[in-house]
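[1] got a structure for you, letters missing:
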């Protein structure tokens, strides 16, 4: 009976702890908002208001995508009158969209940002695969802007001047792209290239780029950073299955 009462108290009061905080979720290139569904569910359960944004990642350049996806997320959060802080949780390209938007616009309610597998220093894989037939069709205009060459958008953006936690992966399920990346890497970006000057905290997880946003450990780390501004606050993670 005591245990049941404790659970009820946790649900009533623990769940409301972040009721004035909204989290915008932005998926990666060639993905959809469904790829962030598990992350969204767990953020909801943790008491955050969430806005899981769908955007056409293959149809526009990064500058245009940032002006579409980020404002959509802000508008969804601002529909809730009590929201005081707006956080972002991003996967891959989603993190670059936030950086691009913040390079030109302010978000008065900006809270914390967690980026999973972001190509913050560009990715050699994007450069090496750019001439492969079908690359343009699969990745669209933004795909060409994620490398390390003259067209690199990540390398043109400045350091983080906001609370940023970066989660990098060190496992890969794609030997072709990993062959051109410095080790360790997650199959799309090297661990080193996820880092960004000014970031608040950084952690490496044993997961691949494709699946890290669905894995329990990165989710636990994300919630910890949003709550406390540090990955250290995450409890011992449950063992993950898969990549």
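    Sure thing, it's come through. Source: prediction; values computed, not measured. Numbers count the residues shown, from 1 in each chain.
[2] pLDDT weak spots in the protein?
    1-18, 130-137, 235-239, 241-243 (pLDDT under 70).
[3] Kindly recompute the last result at 80.
    Along the chain, segments meeting pLDDT under 80 span 1-19, 127-139, 233-243.
[4] Which helix runs longest in it?
    Secondary structure of the chain per DSSP state H: the longest helix is helix 62-78.
[5] quick one: that one to chain centroid distance?
    Taking C-alpha atoms, centre = their mean, to the nearest Å, one finds the center of helix 62-78 at 14 Å from the center of the full chain.
[6] ok, and what's touching it?
    With contact meaning C-beta atoms under 8 Å, 6 or more residues apart in numbering, helix 62-78 is reached by 22, 24-26, 49, 51, 53, 55-57, 60, 83, 86, 88, 93-94, 96-98, 100-101, 107, 109, 141-142, 145-146, 153. To be clear about C-beta, it is placed using only N, CA and C from the backbone, and glycine gets the same treatment.
[7] Please settle this for me: is residue 128 part of a strand?
    No. Looking at residue 128 with DSSP: H, G, I helix; E, B strand; the rest coil, it is helix, so not inside a strand.
[8] Quick check: the gap between the residue nearest to it when sequence neighbours are not counted and residue 129.
    Once flanking residues are discounted, residue 128 sits nearest to residue 180: 4.2 Å by C-beta to C-beta, 6 or more residues apart in numbering. According to C-beta to C-beta, to the nearest Å, residue 180 stands 8 Å off from residue 129.
[9] sorry, back to before: next step: the contacts of helix 62-78 restricted to strands.
    Among the contacts of helix 62-78, DSSP state E puts 22, 24-26, 49, 51, 53, 86, 88 in strands.
[10] Whichever of these end up buried, select them in ChimeraX.
    To isolate the buried ones among the ones in strands among the contacts of helix 62-78 in ChimeraX, judged by 16 or more other C-beta atoms under 10 Å, type:
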select :22,24,25,26,49,51,53,86,88
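[11] a markdown table for the ones in strands among the contacts of helix 62-78, including distance to residue 170?
    A markdown table is the format used below for the ones in strands among the contacts of helix 62-78 (distance: C-beta to C-beta, whole Å):
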| residue | distance to residue 170 |
| --- | --- |
| 22 | 31 |
| 24 | 27 |
| 25 | 23 |
| 26 | 23 |
| 49 | 32 |
| 51 | 30 |
| 53 | 28 |
| 86 | 30 |
| 88 | 23 |
